[in-house]
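In: The following block contains a protein sequence and its predicted model.
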Amino acid sequence: DPKIIQKPKYLVAVTGSEKILICEQYLGHNAMYWYRQSAKKPLEFMFSYSYQKLMDNQTASSRFQPQSSKKNHLDLQITALKPDDSATYFCASSQERTGDNERLFFGHGTKLSVL
Amino acid sequence: GEQVEQRPPHLSVREGDSAFITCTYTDPNSYYFFWYKQEPGASLQLLMKVFSSTEINEGQGFTVLLNKKDKRLSLNLTAAHPGDSAAYFCAVSARGGSALGRLHFGAGTQLIVIP
C-alpha cells in the first residue's frame, strides 16, 4: 500500500486555468514537501512544511501555493497555468528529528501537462 | 547555490557487470548524501543515506563511496541484474535548520541492464 498518496496521477490542463494537486501521507510524519521534475531538469525542491507551517519556499512564482488543511495533507494549488509548468510534481515527507530530517519518502507523483 | 553534476546520463551494462555512477557537488557545507532509485512509473526509493567522509558504505548489491575532499559521491552496482534497470539519482543536502528537506538532486542516470 502506498503510504504517500498523490492525486491525480495524470492531469491535463489548459493554459490560464487553475489546478490543485493533492497529497496525503500516512507515515505519521510531521514534515512535508513538494518537488518538481521537469523534462531535462533535475528534481527541484519547491516547498517545505513542518507541523503545517511553511519553512522554506524556493519557488519564484506566487502562482504556486501550498495548502495544509491537516497535518498529513499538503496540497499544491497552481493558478494561471502555463505550458512551462508541465512537469511531474512529487510530494514527499519526513519525520523531523535529529539525524533523520532528510530521509525523505516520496509519492508516485502527479504528471501535469499544460496545453 | 549548490550544483550537483551526475555522470553518465545513460548507462548500459550486461548482466553480471558493474555499473558505476558518479556525482560531484560544489557546496563544501553539504552534509548528507543520498542515492535514490526510480523505476518506471514509480516513486523515488531511497537506496542509502551517508554522511561520513571517505567511507565505503555497502548495501544489498551496491557500494556507495563518499569523498568529501574531492566533493564526489559514487554508486557502484556490483554484478548488476535486469531488476536494477531504473533511473538513479544522487542528492545532497546541508545540515538542519532552514535546509529541512531541501535536497539538491543530480540530473539522473538511466541504467539498462541487458540480460
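Out: Everything's here; your move. Quick caveat, the model's predicted, so the values are computed rather than measured.
In: Confidence-wise, which helix or strand of the chain is lowest on average?
Out: You didn't pick a chain, so chain A it is. Least confident helix or strand, chain A: strand A:53-57 with a mean of 89, by mean pLDDT, DSSP states H and E.
In: actually chain B
Out: Quick look at chain B via mean pLDDT, DSSP H and E: least confident is strand B:55-58, a mean of 68.
In: Name the next helix or strand downstream of it, please.
Out: strand B:62-67 (DSSP states H and E).
In: and the helix or strand just after that following strand with chain A, contact?
Out: Of the helices and strands lying after strand B:62-67 in sequence (DSSP H and E), the nearest is strand B:72-77. No: Strand B:72-77 does not reach chain A (C-beta under 8 Å from any C-beta of the partner chain); its nearest approach is 14.2 Å. Every residue, glycine included, has its C-beta placed from N, CA and C.
In: Could you name the helices and strands sitting against strand B:72-77?
Out: Contacts defined by 3 or more C-beta pairs under 8 Å, 6 or more residues apart in numbering or on different chains; DSSP states H and E place strand B:72-77 against strand B:19-25, strand B:32-38, strand B:62-67, strand B:86-93.
In: helix, strand or coil for the residue nearest to A:Gln95 when sequence neighbours are not counted?
Out: Counting by C-beta to C-beta, 6 or more residues apart in numbering or on different chains, A:His29 is the residue found nearest to A:Gln95 once chain neighbours are left out, at 4.9 Å. What DSSP: H, G, I helix; E, B strand; the rest coil gives for A:His29 is coil.
In: related to what we said a few turns ago, could the helices and strands packed on strand B:72-77 go into TSV alongside mean pLDDT, mean neighbour count and distance to B:Leu75?
Out: Formatted as TSV, the helices and strands packed on strand B:72-77 follow (pLDDT from 0 to 100; neighbours: other C-beta atoms under 10 Å in any protein chain shown; distance: least, C-beta to C-beta, whole Å):
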stretch	mean pLDDT	mean neighbour count	distance to B:Leu75
strand B:19-25	97	21	5
strand B:32-38	92	22	5
strand B:62-67	89	18	6
strand B:86-93	95	25	6
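In: Including distance to A:Lys82, could those strands go into TSV?
Out: Shown next, in TSV, are the helices and strands packed on strand B:72-77 (distance: least, C-beta to C-beta, whole Å):
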stretch	distance to A:Lys82
strand B:19-25	31
strand B:32-38	26
strand B:62-67	39
strand B:86-93	26
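In: shouldn't A:Glu18 be in contact with A:Leu76?
Out: No: using C-beta atoms under 8 Å, A:Glu18 is not in contact with A:Leu76; the gap is 11.4 Å.
In: Settle it for me: which of these two has more neighbours?
Out: Comparing A:Glu18 with A:Leu76 by other C-beta atoms under 10 Å in any protein chain shown, the one with more neighbours is A:Leu76, at 23 against 11.
In: what's the nearest residue to that one if we skip its chain neighbours?
Out: Spatial nearest neighbour of A:Leu76, excluding adjacent residues (C-beta to C-beta, 6+ apart): A:Leu21 at 4.4 Å.
In: With B:Tyr31 instead?
Out: B:Arg95 (3.9 Å).
In: List the residues that contact the one you found.
Out: B:Arg95 makes contacts with B:Asn29, B:Tyr31, B:Tyr32, as judged by C-beta atoms under 8 Å, 6 or more residues apart in numbering or on different chains.
In: Identify, from the residues you listed, the entry nearest to chain A.
Out: Distance to chain A across those (C-beta to the nearest C-beta) is lowest for B:Tyr32, with 4.8 Å.
In: For that closest one, give its distance to B:Ala19.
Out: 23 Å (C-beta to C-beta, to the nearest Å).
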